[in-house]
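Enquirer: The sequence isn't on hand, but the structure is:
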């Protein structure tokens, strides 16, 4: 589906609208340079927000870390709120790219699901700062009806629903709602992520992939007990 964006926006490889404010007439802005600058701002801001917290971080701190004028930040983001939400969106885009890169060449459906779950956990093991931002978003932006995490999750679910439908058609999955399967799996990995965060566990998330998939695929009841439900 073709995406139509305002003149001041362009489409990133992951489907996100990337805003770069329009400039007054003069020397054309190099697009690649602008994209690189925007990414540098997001990476620095993500570290600062995660370390200092949303309320204790301001745009001048981000500018100082990058060695640029504060006005440079305003060329890309209208406010601290705008920058913070962009950081969360950036983190979710990186997660999807990470999972996609690791599952790209896998054709066997159950192996694909297993690799996707392990990659999801592995990403957050490597980027705990993104988890911190997800927590802060829920605390600081209570007026948002849906968090950035779940907005992205809903927008990119179609390929998984199609896969689950194929697994049903092939007799691998039970005949149940693919939406329900997707929601259940989403809740499992999301719940594991935050249970690990709030409990202060030092155990890598990726090490929990095996038990998550074992219960997901086999359940907890012995075969003879399943017929009762």
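Expert: Nice, thanks for sending it over. The structure displayed is predicted, hence computed values, not measured ones.

Enquirer: all helices of this structure, in order?
Expert: Assigned by DSSP state H, the chain shows helices spanning 31-52, 59-66, 70-74, 80-103, 109-126, 128-140, 148-155, 158-169, 178-199, 209-218, 223-226.

Enquirer: Can I get those in CSV including mean neighbour count and mean pLDDT?
Expert: No exception for glycine: its C-beta is placed from N, CA and C like everyone else's. Formatted as CSV, these follow (neighbours: other Cβ atoms under 10 Å; pLDDT from 0 to 100):
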stretch, mean neighbour count, mean pLDDT
helix 31-52, 17, 94
helix 59-66, 17, 96
helix 70-74, 15, 95
helix 80-103, 19, 96
helix 109-126, 18, 96
helix 128-140, 17, 95
helix 148-155, 17, 88
helix 158-169, 14, 96
helix 178-199, 15, 93
helix 209-218, 14, 92
helix 223-226, 9, 66
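
Enquirer: Run through the residues that contact the residue most central in space within the chain.
Expert: Of all residues in the chain, the one closest to the mean position by Cα atoms, centre = their mean is residue 92, 2.1 Å from it. By Cβ atoms under 8 Å, 6 or more residues apart in numbering, the contact set of residue 92 is 130, 148-149, 152.

Enquirer: and of these, the nearest to residue 161?
Expert: Of all those, residue 161 sits closest to residue 152, with 15.4 Å by Cβ to Cβ.

Enquirer: For residue 188, see how far away the closest one is.
Expert: 17 Å (Cβ to Cβ, to the nearest Å).

Enquirer: Residue 181 now?
Expert: Separation of residue 181 from residue 188 (Cβ to Cβ) stands at 11 Å.

Enquirer: Please apply the same query to residue 95.
Expert: When distance is defined by Cβ to Cβ, residue 95 is 16 Å away from residue 188.

Enquirer: Same check on residue 214?
Expert: Separation of residue 214 from residue 188 (Cβ to Cβ): 12 Å.

Enquirer: Measure how buried residue 220 is and give me the count.
Expert: By the measure other Cβ atoms under 10 Å, the count of residues near residue 220 is 8.

Enquirer: Need the phi and psi values for it.
Expert: With angles defined as degrees, to the nearest 10, residue 220 sits at phi -120, psi -10.

Enquirer: thinking residue 91 is in contact with residue 128, fair?
Expert: No. At 10.9 Å, residue 91 and residue 128 do not qualify as touching, with contact defined as Cβ atoms under 8 Å.

Enquirer: Residue 123: what's it in contact with?
Expert: Residue 123 makes contact with 94-95, 98-99, 130, according to Cβ under 8 Å, 6+ apart.

Enquirer: And the residues you listed, which two are furthest apart?
Expert: Greatest spatial distance in the contacts of residue 123: 99 and 130, 13.2 Å, computed using Cβ to Cβ.

Enquirer: which other residues reach stretch 41-56?
Expert: For stretch 41-56, contacts defined as Cβ under 8 Å, 6+ apart pick out 57, 61-62, 65-66, 73, 76-77, 80, 83-84, 86-87, 90-91, 128-130, 132-133, 136, 139-140.
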